[in-house]
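# Sequence first, predicted coordinates after that:
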Amino acid sequence: MATAAASSGSGPPKFAILITYVLLGCAISFLLGREPGRLPEDIALELAPSIIVIGIFLTHYSLWDCMAVGAAKQEFQKSWSGKIYREYNQLQIPEQVYLAQRVQSNQLEQLPVFLAGILSSAMLVNGLLAAIMGLAWTILRMRYAYVYRHSVGMQYDHVMSRLVQYTIPAYFLSNSMLVAATIHALRLLIN
C-alpha cells in the first residue's frame, strides 16, 4: 500500500527520508565519530570551529536576511504612510517584500535543527566534521537566500526548481548531524 505522499506525487515518503537520515547518521557516528562517551580532550577547541560557523550564519542572517526585509519595505513605505494596521494589512504585499519575508522566515524555520545538530554533533561525535558539514549548510542557506530574494518576476515553478538544489542538500546536512548525535547518545546509553 503506497503512502499518501507517494501516491499523490508530492515527493518521497517521509519514512524513506527518515531511513536515509538514519543511515547517514549511523555512518557518521560509527565511521567518523569518536568512541561514544569519550568527550574531547579540549571541549572549547572542539566546539570552536562550529561556533565560528554559527557566527558566520547568524551574522549573514542579521545583515542580509533581516535587513533585506526592511530594505524591500522601504521602497513602498510612502504608499503605506498614514494607514492604520487594518488598512496596511489588507494591501497586497509587493513581491520583493514577500520574497524577502519568506527568506527570513525560512531561515528561522531551519535554524533549530541546524543549531541542535551542529552543537550536539560537535560535542558528541566529531567537532571538525560538524564544522565542515555546518559550513556546507551555511553556504547552501546563503545561496538559497540570495536566489530566492532575487526571484522577483519569475514563475513559481522556475523559482522552486532553482531553490531545491540548495534546500534538499541543506536538509540532509543538518538532519544527518542531528541524527548522528542522537545515535551516538543512544550508543552511549546502550553500552
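Now that the structure is in, tell me what you want to look at.

# drop to CA atoms for contacts and neighbour counts, all remaining ones
OK.

# By residue count, which helix of this protein is the longest?
helix 156-190 (DSSP state H).

# For that helix, name the packing helices and strands.
helix 14-27, helix 95-124, helix 127-149 (3 or more Cα pairs under 8 Å, 6 or more residues apart in numbering; DSSP states H and E).

# what sits against the closest residue to residue 120 other than its chain neighbours?
Take residue 120 and drop its neighbours on the chain: the residue closest to it by Cα to Cα, 6 or more residues apart in numbering is residue 181, 5.7 Å away. Listed by Cα atoms under 8 Å, 6 or more residues apart in numbering, the contact partners of residue 181 are 25, 29, 117, 120, 121, 124, 125.

# quick check: mean pLDDT across the longest helix of the chain?
Mean per-residue pLDDT for helix 156-190: 96.

# and the angle from that helix to helix 95-124?
Using axes from the mean of the first three to the mean of the last three Cα atoms, to 10 degrees, the inter-axis angle of helix 156-190 relative to helix 95-124 is 20 degrees.

# could you give the angle of helix 156-190 to helix 14-27?
Using the same axes, to 10 degrees: helix 156-190 against helix 14-27 is 50 degrees.

# How many residues are close by residue 159?
16 (other Cα atoms under 10 Å).

# Could you check how far it is from residue 77?
Residue 159 sits 27 Å away from residue 77 when distances are taken as Cα to Cα, to the nearest Å.

# repeat for residue 59
For residue 59 relative to residue 77 (Cα to Cα), the value is 26 Å.

# so where's the chain shaky on pLDDT?
Where the chain drops to pLDDT under 70, the residues are 1-11, 88.

# Would you mind confirming that residue 43 makes contact with residue 124?
No - using Cα atoms under 8 Å as the test, residue 43 is too far from residue 124 to be in contact (10.1 Å).

# When these two are compared, which one has more neighbours?
residue 124 (26 against 12).

# pretty sure residue 73 contacts residue 97?
Yes - with contact defined as Cα under 8 Å, residue 73 reaches residue 97; the gap is 5.9 Å.

# Excluding chain neighbours, what is closest to residue 50?
Closest to residue 50 by Cα to Cα, 6+ apart is residue 131, at 4.4 Å.

# any idea how far the one you found lies from residue 66?
Taking Cα to Cα, one finds residue 131 at 24 Å from residue 66.

# same deal with residue 43?
32 Å.
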